[in-house]
Every structure is written in structure tokens, then in C-alpha cells.
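[1] Task: produce atomic coordinates for the following.
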Amino acid sequence: MATIRDVAKHAGVSPATVSRVVNGLVGYSEETRRRVEAAVSALNYETDFMARGLKTRQTSVIGLLAPMVSDALASEVMRGVEEAAREHGYAVMLGRTGLKSVFIDGYLRTLRTYRAAGVILISAVITDDMRQSLGPNIPLISVAISDKSGSPSVSIDDERAGYDATRYLLSLGHRRIGLLAGDPSSVFVAHPRQRGYERAMAEAQQTPVIAHGTFFYDSGAPALDELLRQEPELTAVFAVSDEMAAAAVNELQERGRRVPEDVSVLGFDNTSTAQHVHPPLSTVAQPLEDMGRTAVGKILRARNLGPRIVPHSIIARGSTGPPRDQYQPSTRTSQAPPATTRSTA
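    Residues are numbered from 1 along each chain as shown. As a prediction, this is how the structure comes out:
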């Protein structure tokens, strides 16, 4: 098996330069990069993470586990994690575990064997079993969820975000606002967003109208059907995920209702899904990529591993506007949104 010294000799550079090139760092010329990459290819060189770990008691590997989350959301977090890891010379080991604890346990034990620098969970609560499987010396941090217990996490304030989203729709003039809520078992995401919605509706002296989905696209249309059964004259729908919001837009249009002229739709997360719908979704934006980068930074610094709350925002696009009795196409795009929002094309 080729070593880093073999690659360095073949390319005519130092082992340190080879390390910088293979880890995506800076500090070398384009011509040097080409020589190193050619040597890596010719010698079939692979970084020996285990050998490095035996010397340092830690490998340059960060685990990233997605127990149960949409591909769109996971990819945003993943981009931030991979970019930050690469900048510091770390590789990322991705595991899509589903909700089965045996799969999560298996990945964590593997990462423990690899002496991973740390593990990041996407939208999953850290449990005692997880900590036991990973061991006491490897940092474990969650992203896009906060269990309020003080566990290491990077998240938004979901209750405040649900409140701000509802206030945004109220500020447009809507009063009959329905909520496409998340899975009732989602105590640390769905419940806070619903509480924020209910608080804003109570302050506006309006009656909540709620139907539950699963956060995923397939649950959006049935949940919308339930909302409309409860309140046929809804003028706005707030969905706690972009996927359910996209399903709601499509279902409304199938029913002959225009978005936003007849019904406004507001999503949540600001994933790529939000811009692949017609009209593009207004949405509550979580800074998912930045949250991934922040999680890597916390792991590598090995300090300040408690919870961190980051700001959210509301991005106004084409799926929201005033209620139909106030709708004026020529003025919709110029309407000033609340202070927590920003408009995009």
C-alpha cells in the first residue's frame, strides 16, 4: 500500500504538501495540485485514517447521521458540514439510519472504533443510549433540533419561528389561517412550532385550525384536505415544512384555487424545495448550511458544546399575498413585510 511519503516522492513535493492537497486545504500552486493528484491516482493512495488514529487517538473523521429527515433538509446541513470539515482537513462519514435504534447504534459504534473527532445528528434528539454507544470522549451534537435539556445543539427557536410565521400572515391581512402541523410525536420540533402558531392566533383573537402531517410531501395533501374540511374558507396555510407546503400548493391548484390570490401558503426550512414550486414558496428560513458549519466548529474546538440558538428569518416569495378580498397584483410585491422578513424574487 502506498504511503504519503511515496506520493510525495512521486510528485516531487513534501509529505506536508501532499496532506494539504488531499485534504482540500490551501497553500500550493495549481501545478502542484495537478502533480499530487496524478501521483495519488498512479499509486492508488488512500489516507489511512485508522493508522493516524492510533498515533493521535483521534482520526480526521466526523460522523454525520440523519435518522429521519427529508433529503432536501439533510443536503443543506450536509453542505455546511462537508465544507467546514474539508477546510480543516477532515472527512465526513454519512449514515442514513432511519429511526431504528439498532442502525443508529451500529453507526455510532463504528465511529467510536474509527476514533471519530465527533458526531453530528440531523434533527434528532441525543439519548443516553447514543452517548453510551459512542463513548464518553467523542463529542455528539444535534443540528436543527433542541431538546431544551442543555444537550449540545445548534438550532433556531422553533416556537418563536412558528409565532413569527403566523404574525407575518396576520400582517398581510389574513385571519382564517390554517396550520399544517408536524407529526404529533415530534415533541421538540412540531410541538414548539404549533405553540408559536397558537399563541399568535390567540393574540389576534382568531380560532386555530390544525391538521397533522409527517413533515414529508406525501402527508401534505391529506392534511390540507382535513384543514379545508374544518374551515372551507381558509385564506392562508402555514405548513411546518417546505415539503408539506409544496404539496399544499399543488393540491390547492388541483382544486382550482389560485396561490396566492385565493390561498396564501407559507412553508418552513427554506430548502431547495421552496424554489422548485410554482409559485416559489415563501418560507421560514433556517440557516441550515451555517448550522452545519457551526456544529463542526464546536466539535473541533471541543468547547462551548451546550445549546446554541441561531436566528431565523422569513423569506417572502410568490406564494403569499393579502387575502383575496384585498388582493391587488400590482401592489403585492411592493408590500412592506414585517421586520423579521426579507423578500426575494
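[2] so how many other residues sit close to Ser171?
    Counted by other Cβ atoms under 10 Å, the residues lying close to Ser171 total 14. No exception for glycine: its C-beta is placed from N, CA and C like everyone else's.
[3] try the one 5 residues further on
    Other residues within reach of Arg176, judged by other Cβ under 10 Å, total 16.
[4] I'd say it and Glu231 touch.
    Yes - here Arg176 reaches Glu231: they are 5.9 Å apart, a contact under Cβ atoms under 8 Å.
[5] what touches both of these two?
    Common neighbours of Arg176 and Glu231 (criterion: Cβ atoms under 8 Å, 6 or more residues apart in numbering): Val209.
[6] where exactly do the strands run in the protein?
    Ranges of strands in the chain, per DSSP state E, are 61-65, 91-95, 118-122, 140-143, 153-155, 177-181, 209-212, 236-239, 264-269, 282-285, 307-309, 313-316, 341-343.
[7] Redo those as JSON lines? Include mean neighbour count.
    JSON lines is the format used below for the strands of the chain (neighbours: other Cβ atoms under 10 Å):
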{"stretch": "strand 61-65", "mean neighbour count": "25"}
{"stretch": "strand 91-95", "mean neighbour count": "17"}
{"stretch": "strand 118-122", "mean neighbour count": "27"}
{"stretch": "strand 140-143", "mean neighbour count": "25"}
{"stretch": "strand 153-155", "mean neighbour count": "26"}
{"stretch": "strand 177-181", "mean neighbour count": "27"}
{"stretch": "strand 209-212", "mean neighbour count": "19"}
{"stretch": "strand 236-239", "mean neighbour count": "30"}
{"stretch": "strand 264-269", "mean neighbour count": "30"}
{"stretch": "strand 282-285", "mean neighbour count": "28"}
{"stretch": "strand 307-309", "mean neighbour count": "15"}
{"stretch": "strand 313-316", "mean neighbour count": "20"}
{"stretch": "strand 341-343", "mean neighbour count": "15"}
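[8] Of all the ones you listed, which one is nearest Glu31?
    strand 91-95 (25.2 Å; Cβ to Cβ).
[9] Can you check what angle separates the closest one from strand 118-122?
    Here strand 91-95 points in a direction 40 degrees away from that of strand 118-122 (axes from the mean of the first three to the mean of the last three Cα atoms, to 10 degrees).
[10] in its sheet, what does strand 91-95 sit against?
    Applying DSSP bridges to the sheet, strand 91-95 is found paired with strand 61-65 (parallel).
[11] what's next to the strand it pairs with, contact-wise?
    So strand 61-65 is contacted by 49, 77-78, 81, 85, 90-97, 104, 107-108, 111, 114-122, 124, 296, 299 (Cβ under 8 Å, 6+ apart).
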